[in-house]
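Chemist: No sequence on hand, only this structure:
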């Protein structure tokens, strides 16, 4: 077993804007102006689907190299639909998140369609983000002992 | 029901580098140089945990406004651990993704610890990303009909 721990820290700024330092990269999360944000960055739902696409692509690179398959291009379209009434607290009947996620893949490699589908199935099995979406994972919350003293309101 | 569809397109570039246009924002996914990437952006696991932190923060803003609670600051630390042998294809016994995800919250608001915990529990229930992590969600793959002709290898 090769244990790897990933830690991400986020700090809320004004309104929906949030900043996070991910390694060498300062990234922002926000909402578009139409939703009351300042559009300083993509929204959380976009980042979530991006993480799945990024993971599928990275594992595709690793698996293709292991199988000595030249992977000339990989373009993914990741799509999900949700009921925003749940996050607004208006409705509790539906689930809050995406009901299902669909990935459409354009693969440029010397593989038949069947081989491409088998390849994607293996990548999906090995992809951490696929696993965390397809199988239930606990999310636990705890309060930090030292509240922040900085006032960002 | 207020249906919202979110679509993200990703294009693999050289190696682990990937680009995506999310609304007005061009974002990159990559791996650090130590893992064979060019560090053009955060990795997929970081974006995944970021999406959870961003969602918890955004729903906190919405819920605090609805409850007329001044939310002066919210800082989250999101942590997960996984076995990278699974994504490498070396091990199939463990799950590929994070075994559990822990969120530590520093909340600056005029609430008792119990009220803060209740607030976080409600936010978690309403947060789409929490829901997609805590409950199983199907991810389906299909091949695009028109393969790409651009050669990015």
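Modeler: It's in. A quick note: this is a predicted structure, and the numbers were derived from the prediction, not measured.
Chemist: Now residue A:22: closest residue in space that isn't a chain neighbour?
Modeler: Distances taken as C-beta to C-beta, 6 or more residues apart in numbering or on different chains place residue B:42 nearest to residue A:22, at 3.8 Å, with adjacent residues excluded. Just so you know, the C-beta spots here come from the backbone N, C-alpha and C atoms, and that holds for glycine as well.
Chemist: Tell me where chain A has strands.
Modeler: Per DSSP state E, chain A carries strands over the ranges A:3-12, A:18-22, A:25-29, A:73-83, A:100-108, A:138-143.
Chemist: any idea how chain A splits into domains?
Modeler: According to automatic domain parsing, chain A comprises the domains A:1-42, A:43-134.
Chemist: among those, which is the most enclosed?
Modeler: Greatest average neighbour count among the domains of chain A goes to domain A:43-134 (a mean of 20), per mean count of other C-beta atoms under 10 Å in any protein chain shown.
Chemist: per-residue confidence averaged over that one?
Modeler: Mean pLDDT, domain A:43-134: 97.
Chemist: Longest helix of chain A, counting residues only.
Modeler: helix A:44-66 (DSSP state H).
Chemist: Now do that helix and strand A:100-108, the angle between them.
Modeler: Helix A:44-66 runs at 40 degrees relative to strand A:100-108, counting by axes from the mean of the first three to the mean of the last three C-alpha atoms, to 10 degrees.
Chemist: for helix A:44-66, the distance to its chain's centre please.
Modeler: 9 Å (C-alpha atoms, centre = their mean, to the nearest Å).
Chemist: Measure how it sits relative to strand B:3-12, angle-wise.
Modeler: Using the same axes, to 10 degrees: helix A:44-66 against strand B:3-12 is 30 degrees.
Chemist: Briefly note if helix A:44-66 comes near chain B.
Modeler: Yes - contact of helix A:44-66 with chain B (C-beta under 8 Å from any C-beta of the partner chain) involves A:44-55, A:57-63, A:66.
Chemist: by how many degrees do that helix and strand A:73-83 diverge?
Modeler: Inter-element angle recorded for helix A:44-66 and strand A:73-83: 150 degrees (by the same axes, to 10 degrees).
Chemist: any chance of the strands of chain A in CSV, plus distance to residue B:118?
Modeler: Output for these, formatted as CSV (distance: least, C-beta to C-beta, whole Å):
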stretch, distance to residue B:118
strand A:3-12, 19
strand A:18-22, 22
strand A:25-29, 24
strand A:73-83, 24
strand A:100-108, 30
strand A:138-143, 11
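Chemist: Minimum distance to residue B:137: which of the ones you listed has it?
Modeler: strand A:100-108 (6.2 Å; C-beta to C-beta).
Chemist: Is there proximity between the closest one and chain B?
Modeler: Yes - Strand A:100-108 reaches chain B (C-beta under 8 Å from any C-beta) through A:100, A:101, A:102, A:103, A:104, A:105, A:106, A:107, A:108.
Chemist: pretty sure the last one contacts residue A:73?
Modeler: Yes - using C-beta atoms under 8 Å, residue A:108 and residue A:73 qualify as a contacting pair, with a distance of 3.8 Å.
Chemist: Look up which residues are beta-bridged to residue A:103.
Modeler: residue A:78, residue B:141 (DSSP bridges).
Chemist: Pull the contacting residues for residue A:47.
Modeler: A:29, B:22, B:47, B:48, B:50, B:51, B:54 (C-beta atoms under 8 Å, 6 or more residues apart in numbering or on different chains).
Chemist: thinking the second one is in contact with residue B:7, fair?
Modeler: No - using C-beta under 8 Å, residue B:22 is not in contact with residue B:7, being 10.0 Å away.
Chemist: Report the separation between residue A:125 and residue A:11.
Modeler: 35 Å (C-beta to C-beta, to the nearest Å).
Chemist: Next: residue A:95.
Modeler: Per C-beta to C-beta, residue A:95 is found 29 Å from residue A:11.
Chemist: now do residue A:119
Modeler: Relative to residue A:11, and taking C-beta to C-beta, residue A:119 is found at 40 Å.
Chemist: repeat for residue A:97
Modeler: As for residue A:97, its distance to residue A:11 is 24 Å (criterion: C-beta to C-beta).
Chemist: How about residue A:75?
Modeler: 34 Å.
Chemist: and if you look at residue A:111?
Modeler: When residue A:111 is compared with residue A:11 (using C-beta to C-beta), they lie 44 Å apart.
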